[in-house]
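Q: coords below, sequence missing:
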């Protein structure tokens, strides 16, 4: 049946799956999309109006409801409403810039950015660029010391019965295998092999998430990609892999190429674009922190923050991810501007926020040189 899908049907099904994935994650983590919660919102700009009270609930329902309507009523203006609401809500709280939400938003954008009468193949090829980028960049971004160290440590912990040479080889091969799958999706002769590999990869990840008992927020994304990859690529025939990039070139395709090629490349080379928006899936190189609380601030923080206090070697600290996951059920947005905002937020409870030694930030997720 998949082989019989027209280009227009493929676009429609992938659009619906992207919406369903986001809706499931909104139901799994509803507080991520409101501002009245334990963990503070992280606005991108200080001047952005943050909805409170009635308007806070209103925007949650607008975003949720517009996606439900867009599933059944495929109108371009509703798609744009979904995109604009996501952009605003993500600007209000950057913790909503999770890669799976971002990928779904890009998929919807790739549909609505084109006029209604655009040839279906042009839209289809634009969506395919997103999935190429997902696997290619996810592999490339894993080429870092933190990934090798943490991945090998996890393998040794859970699969110590396997030979060490195999665990080492597999760890160093993972980034190249994943990046190559993005490339192999572009060629007729290798496309089905890539599909099979990707399905196996997502199935293993999903199994491990349930086996290890955490990371359930990533499950809908894995299922979304498994179904979408089959719909998009199975039975697809092209004259050249370059069709996806340069066929019927126009400003819309330039925009999407900028989003999925140029911006991730700028992150990889120069670090000038957000990691989570550059397809950092399980790359282990994100900047996560413990916040060490000084003696002069320890008793001044509210009770709902103090309950996250942990102690180590006589120091009191808060693990930011533990605090963030309490309500958001997603990890902290791992950018320098975000941790600086948290630093300022915690300092604001002191009579002298500029006092030294109130807070010390300890980045624990990166290997030491």
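A: Received it, and whenever you're ready, just let me know what you need. Computed from a predicted model, the values in this text were never measured in an experiment.
Q: Residue 275: what's it in contact with?
A: Contacts for residue 275 (CB atoms under 8 Å, 6 or more residues apart in numbering) come out as 141, 267, 283, 285, 286, 334, 335. (Glycine included, C-beta is placed from N, CA and C.)
Q: let me redo that: residue 10
A: Per CB under 8 Å, 6+ apart, neighbours of residue 10: 124, 231, 232.
Q: Looking at these, spot the one nearest residue 180.
A: residue 232 (18.0 Å; CB to CB).
Q: what about the closest one, neighbour count?
A: 24 (other CB atoms under 10 Å).
Q: what's the pLDDT at it?
A: With respect to pLDDT, residue 232 scores 97.
Q: Give me the next element, helix or strand, following the helix or strand where it lies.
A: For residue 232, the enclosing helix or strand under DSSP states H and E is helix 219-233. As assigned by DSSP H and E, the chain's next helix or strand after helix 219-233 is helix 243-246.
Q: So which bits of that following helix are buried?
A: 244, 245 (16 or more other CB atoms under 10 Å).
Q: For stretch 236-249, measure first residue to last.
A: Length of stretch 236-249, first residue to last, CA to CA, to the nearest Å: 20 Å.
Q: low-confidence ranges in this structure?
A: 1-3, 366-369 (pLDDT under 70).
Q: which residue sits closest to the residue nearest the centre of it in space, ignoring its chain neighbours?
A: The centre of the chain sits closest to residue 99, judged by CA atoms, centre = their mean, with a distance of 1.1 Å. Excluding the flanking residues, the one nearest residue 99 by CB to CB, 6 or more residues apart in numbering is residue 276, at 5.1 Å.
Q: Pull the number of nearby residues for residue 179.
A: Based on other CB under 10 Å, the number of other residues close to residue 179 is 19.
Q: can you pull the contacts of it?
A: 135, 136, 137, 138, 139, 140.
Q: What is the helix or strand hosting residue 79 packed up against?
A: According to DSSP H and E, residue 79 maps onto helix 76-92. Identification of packing neighbours for helix 76-92 by 3 or more CB pairs under 8 Å, 6 or more residues apart in numbering; DSSP states H and E yields helix 53-72, helix 99-112.
Q: would TSV of these with distance to residue 197 be doable?
A: Listed next are those as TSV, based on distance: least, CB to CB, whole Å:
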stretch	distance to residue 197
helix 53-72	30
helix 99-112	19
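Q: Would you mind telling me which of those helices is nearest residue 250?
A: Here helix 99-112 is closest among the helices and strands packed on helix 76-92 (CB to CB), at 13.0 Å.
Q: after the closest one comes which helix or strand?
A: helix 120-140.
Q: Any chance you could list what contacts the next helix-or-strand element following that next one?
A: Once the chain leaves helix 120-140, the next helix or strand it forms, by DSSP H and E, is helix 145-158. Contacts to helix 145-158, defined as CB under 8 Å, 6+ apart, come from residues 162, 164, 167-168, 170-172, 174-175, 212, 283-285, 365-367.
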